[in-house]
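>>> Below are the sequence and a predicted model for it; my questions follow.
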Amino acid sequence: MENDAATLYCPNEYCQAANPLTHKYCQRCSTPLPKRYLWAVADSVSLGSPGEILADRYLVIGQSIILDLKPGLLPQIPELDNLYHIKAYLSLIPYRLHIPQVYGIISLHEGKSQPEILVLEKPPLSVDSTYTQVHLCSQLTAAWDDASSMRQMNWLWQIAHLWQPLLTEGVGSSLLDPYLIRVEGGLVRLLELRFDQQTAPTLSQLGVFWQQLLKNAKPAIAEFLKQIIDALIDGEIHSSEQLITVLDQGLTGLGIASCGRNSPIPSTNIKIITQTDKGPSRQRNEDACYPPSGVLVSKPPQQTALAIVCDGIGGHEGGNIASNLAIETIEQEVMQLTSVADENIDPFRIINNLEQAVALANDKISQRNDTEHRQGRQRMGTTLVLALPIGHEMYITHIGDSRAYWITRHGCYQVTLDDDVASREVRLGYAIYREALQHSGSGSLIQALGMSKSASLHPTSQRFIIDEDAVFLLTSDGLSDFDRVEELWETEILPILGGNTNIEDVAARLIEIANTKNGHDNVTIALVHYQVKYGEPDIILQADIPTITSTSLSTSSASKTVDLTPRTTNVTALGNEYQQTQIISETKPGRTAKLPLQLLIILGVLLGAGGLGYWLKIQREPQSTITPSTPSATPQPTTTKTPTP
């Protein structure tokens, strides 16, 4: 319970008025009052009783839960030399959908030996609509019994995706502690990170931990999970890639059996609306969207549902040309993909094709820049964010700082990470995010479509399992700047899920808010309303463990290297999404030519067995390939390096 005597200070630096905790807007200047509930990592330190105020700033709400009463001020930042203590949090910022990030530190007694308290933002907390009751979200083990088979499988699938990234950072033990693993609807969220001790945890230990879930697994998946758990404990599944692949089998089986494939009632119903506006302060609109602005698309009856938002770069020199060229190219490529696809299409193939479409759009814009001899800031480009729903899955791909938000009845989650300088500084371990935002040029883009060849492009692709109704908002920064989405989602977007409004009216309202409260830029949004019809299937899933081998993995993923650590330049799993930072080379790797059998026989006769043997040896020698390197100002071998256009 909050302290009624405590006051929340306005974040507006020109106001800073004190307000009652129950107010949503400053009573003096009407600035929104953010309520930042934080988690204090203080195992051996007493924070005090609820109602006490720490460091003249933080109100104690409950055990390890505090509220920042001065959200407009920068928190106390750990010294640069001590950032290695929080390196795991910084490196794992691409996984912030599942892992809280560092907000700052609290020094309770200045000059004394008492350790500093690490404070995390956006922990898995549940806050009621009156902002008077705050408590931790349920543990996965406690919520498991009441979850559907699809959700149970989805939770384990997310944990499997987190396994290798956390193991790489030395915090894999976090996924073996039931107290830390919380669930917020269909989303798995960790309370904090637990550092590994002398040895790293194993998949066998993960299997032992999952054993406690078998008793109350839903009938459709109970035998399936038992096979997986036994394979984990016995070492038959020896990599997270294998585990993810076999869990994908189960999700696919549930998606087919739930109600969609042989039922006249579709398993999903999707509506998409877009809106774009030049805004009150710009002469022209450099944004673009698909479907065309104001057009409502429904699936069914449409076979394909696709939403794209692009924010052009280059002013009158061609930002609008770049954004429209990207829309045209990607729409054509994705429509070709989905026209021949069914609901059971390989997710790796979808991701690969989305990335190829992005690369093609990038090169078309880049080639036009080269043809017109554009250099430096004269080059035209565009940001991109797209949403492609297929069955019970949503695929998100983005470049730049146009964002995607995922809104459910449980919360609003920013699922994309801006390709800007601030995010890069955090990933490299140089600063925490709120400090990085204070640096000059923190919002400058580090990549966008059209600035260079696709070999140096690193698009991010993500995959979500949708097991409940949701709305995805794609938006340019004309709306997302100044935290407008975080401010308005509950009052403006959430009513869609309750059937209290329609997405056409909401889209128009979001444009109005962007123009009146921001108004500094063009604004473009797309709303994707995802309705899910799910019933417990009467089938019994079986796991195909023996077929999950390294060879079959590489085949099923279009011969791409599968690596679940966030530092490589291939497929990277991000929690319940796939973040793919694939370097797309202009020159394809060399391949050994296959000669006709008749020619081999003739050569054998002419050259003799010895000569033929030598020739075949040469043919089997692996041909070298050159992977374009991406320079970085500071060598950092343990992080993904991203080019700056």
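Arrived safely, thanks for sending. Numbering: from 1, shown residues only.
>>> And stretch 174-187, end to end?
16 Å (C-alpha to C-alpha, to the nearest Å).
>>> got the buried residues for it?
Neighbour counts using 16 or more other C-beta atoms under 10 Å place 174, 175, 176, 180, 181, 182, 183, 184, 185, 186, 187 of stretch 174-187 among the buried residues. For the C-beta atoms, the positions are set from N, CA and C on the backbone; glycine is no exception.
>>> quick one: the last one and residue 283, what's the gap?
Distance from residue 187 to residue 283, counting by C-beta to C-beta, to the nearest Å: 42 Å.
>>> just to revisit the earlier point, pull the most distant pair out of the buried residues of stretch 174-187.
Greatest spatial distance in these: 176 and 185, 22.8 Å, computed using C-beta to C-beta.
>>> just for the stretch 501-645 of the chain, where's the confidence low?
The stretch 501-645 of the chain contains residues with pLDDT under 70 at 545-645.
>>> switch to 80 and redo it
The model of the stretch 501-645 of the chain has pLDDT under 80 over residues 534, 538-539, 543-645.
>>> Show the contacting residues for the closest residue to residue 409 other than its chain neighbours.
Among residues not flanking residue 409 along the chain, residue 497 sits closest, at 5.9 Å (C-beta to C-beta, 6 or more residues apart in numbering). Contacts for residue 497 (C-beta atoms under 8 Å, 6 or more residues apart in numbering) come out as 407, 408, 409, 469, 470, 471.
>>> Report pLDDT for residue 497.
The model reports residue 497 with a pLDDT of 97.
>>> May I have the phi/psi pair for it?
With angles defined as degrees, to the nearest 10, residue 497 sits at phi -70, psi -20.
>>> my read: residue 310 touches residue 289, true?
Yes: Residue 310 is within contact range of residue 289, at 7.1 Å (criterion: C-beta atoms under 8 Å).
>>> who has more neighbours, those two?
Neighbours were counted for residue 310 and for residue 289 using other C-beta atoms under 10 Å; residue 310 has more, 35 against 25.
>>> can you pull the contacts of the closest residue to the more buried one other than its chain neighbours?
Distance criterion C-beta to C-beta, 6+ apart; nearest residue to residue 310, sequence neighbours excluded, is residue 323 at 3.8 Å. If a contact means C-beta under 8 Å, 6+ apart, then residue 323 has 286, 287, 288, 310, 311, 312, 382 as its contacts.
>>> give the contact list for the residue sitting nearest the centre point of the chain.
Closest residue to the average C-alpha location of the chain: residue 415 at 4.3 Å, with C-alpha atoms, centre = their mean. Contacts for residue 415 were tallied using C-beta under 8 Å, 6+ apart; they are 97, 396, 404, 405, 406, 462, 464, 577.
>>> These: which two are farthest apart?
Most distant of these, by C-beta to C-beta, are 405 and 577, 13.7 Å apart.
>>> if you count what's nearby, which of those two comes out ahead?
The neighbour comparison of residue 405 against residue 577 (other C-beta under 10 Å) goes to residue 577, with 26 against 19.
>>> which stretches of the stretch 151-300 of the chain have low pLDDT?
By pLDDT under 80, the weakly predicted segments of the stretch 151-300 of the chain are 255-267.
>>> where do the helices sit along it?
203-211, 219-234, 240-255 (DSSP state H, counting those that start in this stretch).
>>> I'd like these laid out as JSON lines, including distance to residue 82.
What follows is these, written out as JSON lines (distance: least, C-beta to C-beta, whole Å):
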{"stretch": "helix 203-211", "distance to residue 82": "31"}
{"stretch": "helix 219-234", "distance to residue 82": "37"}
{"stretch": "helix 240-255", "distance to residue 82": "31"}
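>>> which of those helices sits most buried?
Mean neighbours per residue, mean count of other C-beta atoms under 10 Å, is largest over the helices of the stretch 151-300 of the chain for helix 240-255, with a mean of 22.
>>> now the angle from it to helix 219-234?
170 degrees (axes from the mean of the first three to the mean of the last three C-alpha atoms, to 10 degrees).
>>> Pull the CA coordinates from helix 240-255 and hand them back as CSV.
Output of helix 240-255 as CSV, limited to C-alpha atoms (Å, rounded to 0.1, in the frame of the first residue of the first chain):
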residue,chain,number,x,y,z
SER,A,240,18.9,-25.5,-27.1
GLU,A,241,18.4,-25.7,-30.9
GLN,A,242,17.2,-29.2,-30.6
LEU,A,243,14.9,-28.4,-27.7
ILE,A,244,13.4,-25.4,-29.6
THR,A,245,12.9,-27.5,-32.8
VAL,A,246,11.0,-30.3,-31.0
LEU,A,247,8.9,-27.7,-29.1
ASP,A,248,8.1,-26.1,-32.4
GLN,A,249,6.7,-29.5,-33.5
GLY,A,250,4.3,-29.4,-30.5
LEU,A,251,3.2,-25.9,-31.2
THR,A,252,2.5,-26.7,-34.8
GLY,A,253,0.5,-29.8,-33.8
LEU,A,254,-1.6,-27.8,-31.4
GLY,A,255,-2.2,-25.0,-33.9
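>>> for that helix, packing partners?
helix 149-168, helix 219-234, helix 550-556 (3 or more C-beta pairs under 8 Å, 6 or more residues apart in numbering; DSSP states H and E).
>>> So which of these is nearest residue 511?
Comparison of these against residue 511 by C-beta to C-beta identifies helix 149-168 as nearest, at 33.4 Å.
>>> I'd like the distance from the closest one to the chain centre, please.
Centroid separation for helix 149-168 versus its chain: 14 Å, with C-alpha atoms, centre = their mean, to the nearest Å.
>>> Same check on stretch 145-160?
18 Å.
>>> Low-confidence bits of the stretch 1-150 of the chain, can you list those?
Scanning the stretch 1-150 of the chain for pLDDT under 80 picks out the ranges 1-5, 43-46, 80-84, 108-115, 128-132.
>>> in it, which spans are strands?
7-9, 18-20, 37-41, 53-54, 58-62, 65-68, 101-106, 117-121, 125-127, 134-136 (DSSP state E, counting those that start in this stretch).
>>> now these as CSV including distance to residue 81 and mean neighbour count?
Putting the strands of the stretch 1-150 of the chain into CSV (distance: least, C-beta to C-beta, whole Å; neighbours: other C-beta atoms under 10 Å) gives the following:
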stretch, distance to residue 81, mean neighbour count
strand 7-9, 31, 20
strand 18-20, 36, 15
strand 37-41, 19, 21
strand 53-54, 24, 17
strand 58-62, 24, 21
strand 65-68, 25, 23
strand 101-106, 13, 22
strand 117-121, 16, 21
strand 125-127, 31, 17
strand 134-136, 33, 15
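>>> quick check, nearest of the buried residues of stretch 174-187 to residue 216?
Using C-beta to C-beta, residue 183 comes nearest to residue 216 of these, at 14.3 Å.
>>> List the beta-bridge partners for the closest one.
residue 188 (DSSP bridges).
>>> what do you get for residue 59?
Applying DSSP bridges, one finds that residue 59 bridges with residue 53, residue 67.
>>> re earlier: closest one to residue 162 among the helices of the stretch 151-300 of the chain?
Closest among the helices of the stretch 151-300 of the chain, using C-beta to C-beta: helix 240-255, at 8.9 Å.
>>> Send me stretch 520-536 as CSV with only the CA atoms.
The C-alpha coordinates for stretch 520-536 follow below in CSV (Å, rounded to 0.1, in the frame of the first residue of the first chain):
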residue,chain,number,x,y,z
HIS,A,520,7.0,17.7,-34.6
ASP,A,521,7.1,15.1,-37.4
ASN,A,522,5.1,13.0,-39.9
VAL,A,523,3.1,10.3,-38.2
THR,A,524,2.2,6.8,-39.4
ILE,A,525,0.6,4.0,-37.5
ALA,A,526,-0.7,0.5,-38.2
LEU,A,527,-3.0,-1.4,-35.9
VAL,A,528,-3.3,-5.2,-36.1
HIS,A,529,-6.2,-6.7,-34.1
TYR,A,530,-5.5,-10.4,-33.5
GLN,A,531,-8.5,-12.4,-32.3
VAL,A,532,-7.7,-16.0,-31.3
LYS,A,533,-10.2,-18.9,-31.1
TYR,A,534,-8.7,-21.7,-29.2
GLY,A,535,-10.2,-24.9,-27.8
GLU,A,536,-8.4,-27.8,-26.1
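>>> Okay then, goodbye and thanks.
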